[in-house]
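**Student:** kindly return the folded structure for what I paste below:
(chains A and B)
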Number of protein chains: 2
Amino acid sequence: MRNPLLAPDLREFVAERDEAGLRDFFSGHHPADSAELLDDLEAADVQFVLGLLAGRERAAVFDYLDKPLQEQVAERMDDHDLAALITYMSHDERADLMSRLTVERTDHIFQLLAKAEREDIRRLQSYPEGSTGAVMTSDYAIVPADETAAAAIERLRHVAPDRETIYYCYVVDEDRHLKGFVSLKNLIIAPAHRRVADIMQRDCVYAKVNDDREATAEKLAEYDLLALPVVDEQHRLVGIVTHDDVIDVIVDEATEDVHRMGGVGPLEHTYLESSFRQLWLNRALWLSILFVAGFLTTWALAEFEDDFNKMPALVFFIPLIISAGGNCGSQSATLIMRALALGELTPKDWFRVFSRETLMGLSLGFGLGAVGFLRALITPTENIPEGMLIKLALTIGLAVSAVVLAGNLVGALMPLLLKRLGFDPALMSNPFVASLVDVTGIIVYFAIAQAILL
Amino acid sequence: MRNPLLAPDLREFVAERDEAGLRDFFSGHHPADSAELLDDLEAADVQFVLGLLAGRERAAVFDYLDKPLQEQVAERMDDHDLAALITYMSHDERADLMSRLTVERTDHIFQLLAKAEREDIRRLQSYPEGSTGAVMTSDYAIVPADETAAAAIERLRHVAPDRETIYYCYVVDEDRHLKGFVSLKNLIIAPAHRRVADIMQRDCVYAKVNDDREATAEKLAEYDLLALPVVDEQHRLVGIVTHDDVIDVIVDEATEDVHRMGGVGPLEHTYLESSFRQLWLNRALWLSILFVAGFLTTWALAEFEDDFNKMPALVFFIPLIISAGGNCGSQSATLIMRALALGELTPKDWFRVFSRETLMGLSLGFGLGAVGFLRALITPTENIPEGMLIKLALTIGLAVSAVVLAGNLVGALMPLLLKRLGFDPALMSNPFVASLVDVTGIIVYFAIAQAILL
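**Tutor:** Predicted coordinates for the structure are as follows:
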């Protein structure tokens, strides 16, 4: 919203049902701004305001409304109004909206739409979540290969209002096989009489409808494109993915990775839009797995009970040592997972990662170990037998070093292993690394203690 | 790279210095593809291949090369060749390249460039890292307000090869103040004789040169724009930020957030491109802070030494309890930080978060507490006094519940507090949450143990 001061005015206009004032108010606003202003109103008021706008503008504003509000407004509209709205909406947005209506309502609306629109919506709805088909839109521009540049521009002029973009257009044969791509820039630069076939790029970058949406997003980003054509198994053009949808995909995928790293499974909605039950189930699953895995630490410590009964000061350092290893592991896991997600690393680089992170673990471990050694030297000594303090400090220093090294390697190598085995490396969440390192850390610590102290 | 099989061919062509073969090979490739093929070659070979391409094409391919390779090739080129290359490069890329050359080299190159180019590069270099100015480019298209749509299109046709985009163009007054914006689509739709002033959008969305680049990226994404004009303090147009740069900003910012969450400070380069020393310093800082904070756990456990000497089985559960709290805290911190980063939440929502996460912490804590209670019931009993087992189990169950609740609230509220105080909420990394919860967890655990068991 560019001017938050406008909002109170809007409420007044709406309260007074001031149609002239409202029309005036919304004229000249970017649809995203209008939608943001409307997002704060009740569904009934939003419906009223939308009713004042012309068909295409109404659909443009509706496209930008929050999804829950879209649903509420759609529920309030009668079938004819909703069908009219849907005709003007962008093709990907309307397919998405229709998926969120009740089956009964969808049937009613479908009866009011032209056959071509119906089929278009059904086709866009048919692609699985996460696929390129599910984020593409079918309102792309097509130009015939044998048309001149001037005629193609004239054609684009006419279809422009109904196309997601006219800056990129595509050339297909009679069976809709993708034959080439031409940008409006190249149409404009070309001599007016030149044929599209002579300007178009034949070997153009494309995505397949079943490609993972993340791979398609990366492809568009790699080539700095505005849109990417999407083809089916028979190489027929079925849609395009545009730069703005790609930004949404990139943000969504980053959110998924961040959530996984924090030990939260992927959410379908935002934090506030997710139901308590969804969030609970999502979190409880991982927490329970980690908790049961944590039983190993209980078992390990029970094994070492005699040791810490002899030297209770060993207990003081348990959390310090295992969390140093866990923290170092979280760091390396984070670095490696992100590098894998960005395609900077592949599992083939494992040896390079292994040697680098061994050196890193040794040097970080040595540094922290030295600090740990000094810290242990000033442990309250009343319960520690004469002459044992230096040995205790040595134990702590060595244990910190060893556990940090182990944690660092677990964190660095596990994501590579997961990726190699075909799993999502982001499953190696920070809490999961910490859990793995906890039990290793306890065993390493007490093994060192037994060797030096006991 | 669309066809990896091409690579061996390329090496042959290069080894044999087959100029005709190479020219043929690179013609018709997207510059991003050509660059990806070249990224695997030695700098000398890349320089040779680039020398075969025409000026504009050479610059387009060079723009896409990996940064370290760009520098190596630039170092090998003589001043005249490099100056010629720079003339054709996109304005943001060349300013970036010049910043990475030695001061001496920069001086030599500057002497060979036209005054306007020199000033353009110096200006783009002058904006601080992370600002909108540092990601914008100055090769945007301008059209005069009093020109007709047809004349404006004709003008765009001529400047197209040297502009980052001609799909959006801007209208400025004689002092370069931003007066409006018109898309090529609207120029094409408009009647040929219509004046730009009557088509252009006067109230257009823009960014300021000192705005945070992340905010600018979000603005472009929010309005689904191809580019955003950037103005200085006097509202003079100084550049544009394009959709492809915005994608880079979004990916970079996500990487920064992911790294922070894993307890790694922001890196300037990728994992593989960062030097060992950089990574070490970056990681050692956070690890040391967390390690020293961890001394609190040592101190706390020393305080409770008498308690676990009386009942050593209490020690078995220390890692289990504190890591349950840490894991739950990592989850809530992750959810809240991501929601803050995406603008879905603000610190004003604290009460909503507090009440929701209290309920969440209670229900997750109760679930895990019940499991912990059962687990403690089957603790190896030899060292536990008769009749104490049930009390121990009750202690564990209650402690797990309380620590999970505490961890959940720490994780949820600390990012809101940090944001409120003006810090980056992503500083609340998973390891940091875990450390905070470790010491709280130990104190809560032993307080409950003292009340029930001892």
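**Student:** look up the closest residue to residue A:38, ignoring the ones flanking it.
**Tutor:** Nearest non-adjacent residue to residue A:38, counting by C-beta to C-beta, 6 or more residues apart in numbering or on different chains: residue A:46, 4.9 Å away. C-beta: built from backbone N, CA, C; applies to glycine.
**Student:** same question, residue A:417
**Tutor:** Once flanking residues are discounted, residue A:417 sits nearest to residue A:347: 7.6 Å by C-beta to C-beta, 6+ apart.
**Student:** let me know the pLDDT of the one you found.
**Tutor:** Residue A:347 carries a pLDDT score of 92 in this model.
**Student:** I figured it hits residue A:422, correct?
**Tutor:** No. Applying C-beta atoms under 8 Å, one finds residue A:347 not in contact with residue A:422, separated by 10.3 Å.
**Student:** of the two, who's got more company?
**Tutor:** More crowded of residue A:347 and residue A:422, by other C-beta atoms under 10 Å in any protein chain shown: residue A:347, with 16 against 6.
**Student:** what about the more buried one, distance to residue A:165?
**Tutor:** 38 Å (C-beta to C-beta, to the nearest Å).
**Student:** contacting residues around stretch A:210-220?
**Tutor:** The contact list for stretch A:210-220 (C-beta atoms under 8 Å, 6 or more residues apart in numbering or on different chains) reads A:127, A:130-135, A:205, A:207, A:227-228, A:230, A:233, A:241, A:243, A:246, A:249-250, A:253, A:343.
**Student:** out of those, which end up buried?
**Tutor:** By neighbour count, with 16 or more other C-beta atoms under 10 Å in any protein chain shown, these hold A:127, A:130-135, A:205, A:207, A:227-228, A:230, A:241, A:243, A:246, A:249-250, A:253 as buried.
**Student:** restrict these to those near chain B?
**Tutor:** Among the buried ones among the contacts of stretch A:210-220, proximity to chain B is found for A:205, A:243, A:246, A:250 (C-beta under 8 Å from any C-beta of the partner chain).
**Student:** so which of the residues you listed sit within helices?
**Tutor:** The helices, defined by DSSP state H, take in A:243, A:246, A:250 from those.
**Student:** for the residues you listed, which one is nearest chain B?
**Tutor:** Within those, distances to chain B taken as C-beta to the nearest C-beta reach their minimum at residue A:243, with 4.7 Å.
**Student:** coming back round to it: do I have it right that the residue nearest to residue A:38 meets residue A:65?
**Tutor:** Yes. Under the criterion of C-beta under 8 Å, residue A:46 makes contact with residue A:65 at 7.3 Å.
**Student:** who touches both of the two?
**Tutor:** With C-beta under 8 Å, 6+ apart as the test, residue A:46 and residue A:65 both reach A:38, A:73.
**Student:** redo the ones in helices among the ones next to chain B among the buried ones among the contacts of stretch A:210-220 as CSV? Include pLDDT.
**Tutor:** As requested, those are arranged in CSV below (pLDDT from 0 to 100):
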residue, pLDDT
A:243, 94
A:246, 94
A:250, 92
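**Student:** format these as CSV; extra columns: distance to residue A:14.
**Tutor:** Listed next are those as CSV, based on distance: C-beta to C-beta, whole Å:
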residue, distance to residue A:14
A:243, 34
A:246, 36
A:250, 36
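**Student:** residue A:148: which of the residues you listed is nearest?
**Tutor:** Proximity of those to residue A:148 (C-beta to C-beta) peaks at residue A:243, which lies at 28.3 Å.
**Student:** list the contacts for the residue nearest to the closest one when sequence neighbours are not counted?
**Tutor:** Leaving aside its chain neighbours, residue A:243 sits nearest to residue B:243 (4.7 Å; criterion: C-beta to C-beta, 6+ apart). Residue B:243 is in contact with A:226, A:243-244, A:247, B:220, B:225-227, counting by C-beta under 8 Å, 6+ apart.
**Student:** repeat that for 7 Å
**Tutor:** Contact partners of residue B:243, counting by C-beta atoms under 7 Å, 6 or more residues apart in numbering or on different chains, are A:243, B:220, B:226-227.
**Student:** same check, this time on residue A:339
**Tutor:** By C-beta under 7 Å, 6+ apart, residue A:339 lies in contact with A:345, B:270-272.
**Student:** could you dump those into CSV with neighbour count and secondary structure added?
**Tutor:** Shown next, in CSV, are these (neighbours: other C-beta atoms under 10 Å in any protein chain shown; DSSP: H, G, I helix; E, B strand; the rest coil):
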residue, neighbour count, secondary structure
A:345, 24, coil
B:270, 16, coil
B:271, 23, coil
B:272, 12, coil
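**Student:** and the end-to-end length of stretch A:180-187?
**Tutor:** Using C-alpha to C-alpha, to the nearest Å, the end-to-end distance of stretch A:180-187 comes to 13 Å.
**Student:** list the buried ones in the longest helix anywhere in chain A?
**Tutor:** Of all the segments of type helix in chain A, defined by DSSP H, the longest one is helix A:389-420. Neighbour-count burial for helix A:389-420 flags A:389, A:391-416, A:418-419 (criterion: 16+ other C-beta under 10 Å).
**Student:** just stretch A:369-382 next, same as before
**Tutor:** By neighbour count on 16+ other C-beta under 10 Å, the buried set for stretch A:369-382 is A:369, A:371-373, A:375-376, A:379.
**Student:** what does it rub up against?
**Tutor:** A:313, A:316-317, A:389, A:392-394, A:396-398, A:400-401, B:291, B:295, B:302.
**Student:** taking the buried ones among the contacts of stretch A:210-220 one by one, which sit in strands?
**Tutor:** Members of the buried ones among the contacts of stretch A:210-220 lying in strands (criterion: DSSP state E): A:207, A:227-228, A:230, A:241.
**Student:** no further questions, thank you.
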